[in-house]
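*Asks:* Based on what follows, work out the 3D shape:
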Amino acid sequence: MKRIRIRSEAQEEINAAFEWYFQRSPEAAEAFLTEIGASLTLIVSRPQL
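*Replies:* Purely as a prediction, here's the structure:
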């Protein structure tokens, strides 16, 4: 499987969003990371979309 690189700016935004969600709901924060992972998996597996 191919790998994907996440730019530092994007990683910072992901981290900030995670913290925002976590302050409101740890469950929502975990769901957010799950969705990020699913999206990245889709991008790697089907980049033509």
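*Asks:* residues in contact with the residue minimising distance to the centre of the chain?
*Replies:* In the chain, the residue lying closest to the centroid (C-alpha atoms, centre = their mean) is Ile36, at 2.7 Å. Contacts for Ile36 were tallied using C-beta atoms under 8 Å, 6 or more residues apart in numbering; they are Ile14. Placement of C-beta: from N, CA and C, glycine included.
*Asks:* average pLDDT across the host helix or strand of it?
*Replies:* Secondary structure from DSSP states H and E places Ile36 in helix 26-45. Throughout helix 26-45, pLDDT has a mean value of 96.
*Asks:* Now do the buried residues in it.
*Replies:* By neighbour count with 16 or more other C-beta atoms under 10 Å, helix 26-45 contains the buried residues 29, 32.
*Asks:* Would you mind writing the CA trace of that helix as CSV?
*Replies:* What follows is helix 26-45, C-alpha atoms only, in CSV (Å, rounded to 0.1, in the frame of the first residue of the first chain):
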residue,chain,number,x,y,z
PRO,A,26,-13.6,12.8,24.2
GLU,A,27,-15.9,10.5,22.2
ALA,A,28,-16.3,13.1,19.5
ALA,A,29,-12.6,13.6,19.4
GLU,A,30,-12.0,9.8,18.9
ALA,A,31,-14.7,9.8,16.2
PHE,A,32,-12.9,12.7,14.5
LEU,A,33,-9.6,10.8,14.3
THR,A,34,-11.4,7.7,13.1
GLU,A,35,-12.9,9.8,10.2
ILE,A,36,-9.5,11.3,9.4
GLY,A,37,-8.0,7.8,9.2
ALA,A,38,-10.9,6.6,7.0
SER,A,39,-10.5,9.6,4.7
LEU,A,40,-6.7,9.1,4.4
THR,A,41,-7.2,5.4,3.7
LEU,A,42,-9.7,6.2,0.9
ILE,A,43,-7.3,8.8,-0.6
VAL,A,44,-4.5,6.2,-0.7
SER,A,45,-6.6,3.4,-2.1
